[in-house]
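S.K.: Got a sequence here, can you build the structure:
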Amino acid sequence: MSSLQTFEIANQQMVLKAINLGGIITELLVSDKKGQLTNVVLGYTDISDYLTDSFFLGCIAGRFANRIAEGKLTIDGKAYQLAINNGKNHLHGGEKGFDKVYWQVTKVADNKLMLEYASKHMEEGYPGNLDVTVTYELTDASELLIEYSATTDQETVINLTNHSYFNLSGSMDNTIADHDIQIETDKLVAVNADQIPTGVLQDVSDTPFDFLRKRNLGKAIEDYKSSDNSAIGFDHCYAFESSEFKK
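M.R.: Here you go, the predicted structure:
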């Protein structure tokens, strides 16, 4: 069995710390207005706590991030049953998704990490051997870029993302209720009561999900709760037409 290893990349403005388990980003240090580096992602003080984490903190989520109803797939007319790990549904790759496997990590530059993982055919019920590469890069424009690529030897499904929880205050004792947020799209992926996508792209205009103009997150959550008694906060996917919003 592999053992936990830590990795670090940096440039003049930022530092990223990660581990080989799940490709988890344990810290992302950025310069505040005083020029001091401060961490803006949630993580554990004791690195061993990631072995039993159930919140997907900072990980690469896959093979398929988000939920799949009852873990059922049909590809080219053939039915597949995925692992069930979220009530009656499949979530973020199953019981041992990409967050719980050890990745091969290569430091390709002072500011860049490359992570590789070979997911075998029928791992967690998914068809096809899948070779995945994820690259973390810190740019001179103070950006964290995450690039995903994958190849497979047969038809399958894949939906990769990073699952970091951000708190831009730099103090994890503070909530994010005072954060302002802007999302430059007017389309939301509608979900049913079990948070399963319905296939409908919902227009967010004049709804609690409308962030086309910058809004206070705490106020937006209260507006959402006022309109839906079952709402506890935002846990939704937005749909983008392209990398640049079409106004």
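S.K.: Parallel or antiparallel, list what pairs with the helix or strand harbouring Thr198.
M.R.: Remark: Thr198 resides in strand 197-203, with elements defined by DSSP states H and E. Paired with strand 197-203 in the same sheet, following DSSP bridges, are strand 187-191 (antiparallel).
S.K.: rewinding a little: show the average pLDDT along the strand holding Thr198.
M.R.: Averaging the model's pLDDT scores along strand 197-203 yields 92.
S.K.: Check stretch 237-247 too.
M.R.: Computed over stretch 237-247, the mean pLDDT rounds to 67.
S.K.: quick one on the thing from earlier: which residues sit against the next helix or strand after the strand holding Thr198?
M.R.: Beyond strand 197-203 on the C-terminal side, the first helix or strand identified by DSSP H and E is strand 215-216. Here strand 215-216 makes contact (CB atoms under 8 Å, 6 or more residues apart in numbering) with Ala177, Asp178, His179, Asp180, Ile181, Gln182. (Glycine included, C-beta is placed from N, CA and C.)
S.K.: can you rerun that using 7 Å?
M.R.: Contact with strand 215-216 is made by Asp180, Ile181, as judged by CB atoms under 7 Å, 6 or more residues apart in numbering.
S.K.: Could you give the separation of that strand from the chain centroid?
M.R.: What separates the centre of strand 215-216 from the centre of its chain is 22 Å, taken as CA atoms, centre = their mean, to the nearest Å.
S.K.: ditto for stretch 147-162
M.R.: Between the mean C-alpha location of stretch 147-162 and the chain-wide mean there is a distance of 14 Å, by CA atoms, centre = their mean.
S.K.: Spell out the residue ranges of the helices in the chain.
M.R.: In the chain, the segments counted as helices under DSSP state H are 217-227.
S.K.: shaky segments in it?
M.R.: Low-confidence segments of the chain, defined by pLDDT under 70, span residues 1, 242-247.
S.K.: Show me the domain layout of it.
M.R.: 6-162, 180-239 (automatic domain parsing).
S.K.: For those, give me a markdown table that also has distance to Ser171.
M.R.: Shown next, in a markdown table, are the domains of the chain (distance: least, CB to CB, whole Å):
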| stretch | distance to Ser171 |
| --- | --- |
| domain 6-162 | 8 |
| domain 180-239 | 16 |
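S.K.: Using PDB, write out every CA atom in the strand holding Thr198.
M.R.: The C-alpha atoms that make up strand 197-203 are tabulated as PDB, following Å, rounded to 0.1, in the frame of the first residue of the first chain:
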ATOM      1  CA  PRO A 197     -29.900  16.500 -12.600                       C
ATOM      2  CA  THR A 198     -33.200  16.600 -14.500                       C
ATOM      3  CA  GLY A 199     -31.600  17.500 -17.900                       C
ATOM      4  CA  VAL A 200     -33.200  20.900 -17.800                       C
ATOM      5  CA  LEU A 201     -31.100  24.100 -17.900                       C
ATOM      6  CA  GLN A 202     -32.900  26.500 -15.700                       C
ATOM      7  CA  ASP A 203     -32.900  30.300 -16.300                       C
END
